[in-house]
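Asker: With the sequence up front, the predicted model follows.
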Amino acid sequence: MKRAWLSVTRKRGKSAILFAVILILGNVIAGAIAVNQSTQNVEKQIKNQLGSLATIEIDYEKLANSDGGASMEEIQPLSEDLIKQIGQRSEVKQYDYLRETAIAVENFKPYRFSPEEDDDNVMIVGGISPWVYLTGTNLLKPLDFEEDTVDLTQGRFFTEEEQRTGKRVGLISEEMAQENGLTVGDTMV
């Protein structure tokens, strides 16, 4: 130990350079580790804020192009049991089980979000009542409201009783309600 100390004190220039190199390398390595950890933390934070969304649906295009070529009548929707089984997995925070249908509504004025675009959700066939596409959900507060994509300006969300009994209730946009003279509690036939 005594010889090492004497070597360091005798060759001060070399020792100072060696000390500076070690100090700089240590700081560079510590900085790299800190940047890596902060990047990972930011990545986790962004993932938590944005969330993730997975959609499970039948690949109709693949079915149509398959050798068997199943007809639309043969294709069954995903079973409710399968959807619930997937929804109960530990990785799934929440699932939105959607069902879609179209109905004809008498004396209904379709609302177009943009006059220059055709609205894919409403079509009029041969003077018959306009068809309105409806989407049903298993959520009491639909995902768009949960994620603050849209706001509820009047009325309320669905109740567990309405969901359990299948009561025919719904939410529509404020613009569509104004266009058709509808208010909270009105019935569409």
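Answerer: Received the coordinates, thanks.

Asker: which stretches of the chain form helices?
Answerer: Counting by DSSP state H, the chain has helices at residues 2-10, 12-50, 60-65, 80-87, 143-146, 160-165, 174-179.

Asker: Please name whichever of these is nearest to Ala104.
Answerer: helix 174-179 (15.8 Å; Cβ to Cβ). Heads up, the C-betas are built off the backbone N, CA and C, glycines and all.

Asker: Now find how far off-centre the closest one is within its chain.
Answerer: Relative to its parent chain, helix 174-179 has a centroid offset of 26 Å by Cα atoms, centre = their mean, to the nearest Å.

Asker: CA-only coordinates of that helix in PDB, if you can.
Answerer: Provided in PDB are the C-alpha atoms of helix 174-179 (Å, rounded to 0.1, in the frame of the first residue of the first chain):
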ATOM      1  CA  GLU A 174     -76.900  16.400 -29.400                       C
ATOM      2  CA  GLU A 175     -76.800  17.500 -33.100                       C
ATOM      3  CA  MET A 176     -79.000  14.500 -34.100                       C
ATOM      4  CA  ALA A 177     -81.400  15.200 -31.300                       C
ATOM      5  CA  GLN A 178     -81.700  18.900 -32.400                       C
ATOM      6  CA  GLU A 179     -82.100  17.900 -36.000                       C
END
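
Asker: what pLDDT, on average, does that helix get?
Answerer: For helix 174-179, the mean pLDDT works out to 84.

Asker: Could you do stretch 48-68 as well?
Answerer: 74.

Asker: Can you tell me which residue is spatially central in the chain?
Answerer: Centroid-nearest residue in the chain: Leu53, 4.1 Å away (criterion: Cα atoms, centre = their mean).

Asker: picking that back up, among the helices of the chain, show the one with the smallest mean pLDDT.
Answerer: Taking the mean pLDDT of the helices of the chain, helix 60-65 comes last: a mean of 75.

Asker: what's the distance between stretch 142-160 and the middle of its chain?
Answerer: The answer for stretch 142-160 is 15 Å, by Cα atoms, centre = their mean.

Asker: Pull out the buried positions in it.
Answerer: 142, 158 (16 or more other Cβ atoms under 10 Å).

Asker: Count the residues that sit near the closest residue to Glu162 other than its chain neighbours.
Answerer: Spatially, and ignoring its direct neighbours in sequence, Glu162 is nearest to Val169 (5.4 Å; Cβ to Cβ, 6 or more residues apart in numbering). For Val169, the neighbour count with other Cβ atoms under 10 Å is 13.

Asker: Tyr97 is in contact with Pro142, correct?
Answerer: No - the pair Pro142 / Tyr97 is not scored as a contact, 11.6 Å apart, by Cβ atoms under 8 Å.

Asker: which residues touch Leu139?
Answerer: By Cβ atoms under 8 Å, 6 or more residues apart in numbering, the contact list for Leu139 reads 94, 96, 146.
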